[in-house]
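S.K.: sequence-free structure coming up:
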DNA sequence: ATTGGTCATATGCCGGTTGTACATGACCGG
DNA sequence: CCGGTCATGTACAACCGGCATATGACCAAT
């Protein structure tokens, strides 16, 4: 990675996503400098960005709070993600290059074959999926808008997994369907699959409400 | 405004939107520190944010370029804005509080009465319109996604105005229709008006292609 | 128990330092 | 004399560490 600010962002996002920094916990620039081994400027810039994406809350003179994973917030994220993702997958199905379709099919097969229950490993696959889709849509502004939403969704999902094995499989399947539809250029099927994924995520969110 | 970074952002966004910093021009942190009278950190943070929103391009060790107003980029912005705004106005029509509806109606009347040709003055009204709409949608993530798009749209529009008086009136009318539909809670009318606005913007973009 | 003051600790902010990319001009070879 | 290459200077963002300031906790005095 070119600059340290992006490095810092990646590290912090991972730490937050995988609960190494639990929701609601209070950290501090100094603490994060130690844990990442990076200087203050990179950490600070990463935090600004995370704050804008609602992953942390910066309270001046108090500290940096890792945002809580609230169900209402998650429902609002999904409300937006549904529309955006529908657009993204439609465009992707329409515009993906041949090379991109090949990579997409590849990933779909990896997802189908996935049989582990390691969230971290699966998280990387999810991230790749999201990246491939928005890249294939050939609209940088969509990636820009969706990336934070997908980050937030992933975090919520990982934070509230109760039966990892089952959920991972279901998610893998849903993502796989989207990828295959995109690969075949079937816009209708792709948007349908995307809506199904979002239905699943919404349902998942409501389920955590009951279990909590 | 509380912190200087936000101040810096507002100032720089205005300077870019109203061509005080022309597209493609090369600036530098030092220059902007002079022109804004602010320190380095606020200017830097504002630039990072503007870069993320594609208003400027930061080339390390070279300088900061004010992004060119490209037609292709603008079409992509609009492609996304169309979906997002449709969602935003539908939610706004559905969820706006009584107080918000009053403010919205007020602004609609101001827009209808608008008879000037000062882009800067009109720009503030547009910004207010966008803010009211996304606030009324009661979904902070939508505001977060849309704000940059609206900023980019405004900039492109102001940069390529050929007949300000006429265009300002048309834009005022289109925005007014959206506001009134939201105020009355008519979701269908609101989304229709929103699509009309986006049609106008798209058409406007293609027109600049011909004139250039 | 409450209030006043002090202290530890946080981010906001600043200015200096470092590393890097580019332009310029000198130098060398044909 | 000309073309190409390399050293050098310059201008910039990236980064760092320290100072200024705000805030909340804690403790003592009433």
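M.R.: Cool, the structure landed. Because the structure is a prediction, the values reported are computed rather than measured.
S.K.: count of neighbours near the residue of chain A found nearest chain B?
M.R.: For chain A, the residue closest to chain B is residue A:145, as judged by C-beta to the nearest C-beta, at 4.2 Å. The way it works is simple: take the backbone N, C-alpha and C, and place the C-beta from them, glycine included. Neighbour count of residue A:145, defined by other C-beta atoms under 10 Å in any protein chain shown: 26.
S.K.: contacts only, for it.
M.R.: Residue A:145 makes contact with A:84, B:80, B:84, B:145, B:149, according to C-beta atoms under 8 Å, 6 or more residues apart in numbering or on different chains.
S.K.: so the second one makes contact with residue A:139?
M.R.: Yes - between residue B:80 and residue A:139 there is a contact at 6.4 Å, judged by C-beta atoms under 8 Å.
S.K.: and the residue lying farthest from the centre of chain A, backbone torsions?
M.R.: Note on chain A: the largest separation between a C-alpha and the mean C-alpha position, by C-alpha atoms, centre = their mean, falls on residue A:61 (30.1 Å). With angles defined as degrees, to the nearest 10, residue A:61 sits at phi 70, psi 0.
S.K.: distance check, it against residue A:41.
M.R.: Taken as C-beta to C-beta, to the nearest Å, the spacing of residue A:61 relative to residue A:41 amounts to 19 Å.
S.K.: now residue A:146
M.R.: Remark: distance between residue A:146 and residue A:41 (C-beta to C-beta) = 27 Å.
S.K.: okay, those two: which has more neighbours?
M.R.: When residue A:146 and residue A:41 are compared on other C-beta under 10 Å, the one with more neighbours turns out to be residue A:146, at 23 against 13.
S.K.: roughly how far does the residue of chain A closest to chain B sit from residue B:13?
M.R.: Distance from residue A:145 to residue B:13, counting by C-beta to C-beta: 18 Å.
S.K.: OK, contacts around residue A:100?
M.R.: Contacts of residue A:100 were listed using C-beta under 8 Å, 6+ apart, and they are A:132, A:135, A:136.
S.K.: close enough to count as contact, residue A:140 and residue B:76?
M.R.: Yes - taking C-beta under 8 Å as the contact criterion, residue A:140 and residue B:76 are neighbours in contact, 7.0 Å apart.
S.K.: neighbour-wise, which of the two wins?
M.R.: For residue A:140 versus residue B:76, the count of surrounding residues by other C-beta under 10 Å is larger for residue B:76: 20 against 15.
S.K.: for the spatially closest residue to the more buried one that is not a sequence neighbour, the count of nearby residues, please.
M.R.: The shortest distance from residue B:76 to any residue other than its chain neighbours is 4.7 Å, reached at residue A:139 (C-beta to C-beta, 6 or more residues apart in numbering or on different chains). Using other C-beta under 10 Å, residue A:139 is surrounded by 22 other residues.
S.K.: before we move on, what about residue A:199?
M.R.: For residue A:199, the neighbour count with other C-beta under 10 Å is 13.
S.K.: buried ones in the strand or helix carrying it?
M.R.: Counting by DSSP states H and E, the element that carries residue A:199 is helix A:187-211. Within helix A:187-211, the residues that qualify as buried by neighbour count (16 or more other C-beta atoms under 10 Å in any protein chain shown) are A:187, A:189-194, A:197-198, A:200-202, A:204-205, A:208.
S.K.: hang on, the earlier thing: quick one: pLDDT of the residue of chain A closest to chain B?
M.R.: We have a pLDDT of 97 for residue A:145.
S.K.: do the same with residue A:1
M.R.: 64.
S.K.: also the one 5 residues further on?
M.R.: Residue A:6 is assigned 93 on the pLDDT scale.
S.K.: so residue A:68: helix, strand or coil?
M.R.: coil (DSSP: H, G, I helix; E, B strand; the rest coil).
S.K.: that one reaches residue A:22, doesn't it?
M.R.: No - under the contact definition of C-beta under 8 Å, residue A:68 does not touch residue A:22, with a separation of 9.7 Å.
S.K.: mind listing the shared neighbours of these two?
M.R.: In contact with both residue A:68 and residue A:22: no residue, using C-beta under 8 Å, 6+ apart.
S.K.: in stretch A:135-155, what counts as buried?
M.R.: Residues of stretch A:135-155 classed as buried by neighbour count (16+ other C-beta under 10 Å): A:135-139, A:141-146, A:148-155.
S.K.: what does the strand or helix carrying residue A:123 contact?
M.R.: Under the criterion DSSP H and E, the helix or strand holding residue A:123 is helix A:119-136. For helix A:119-136, the external contacting residues (C-beta under 8 Å, 6+ apart) are A:17-18, A:85, A:88-89, A:91-92, A:95-97, A:100-101, A:103-104, A:107, A:110-111, A:114, A:116, A:142-143, A:146-147, A:150, A:154, A:158, A:161, A:164, A:168, A:171-172, A:175, A:178-179, A:182.
S.K.: again, 7 Å this time
M.R.: Under the criterion C-beta atoms under 7 Å, 6 or more residues apart in numbering or on different chains, residues A:17-18, A:88-89, A:92, A:95-96, A:100, A:103-104, A:107, A:110-111, A:114, A:142-143, A:146, A:150, A:154, A:158, A:161, A:164, A:168, A:175, A:179, A:182 lie in contact with helix A:119-136.
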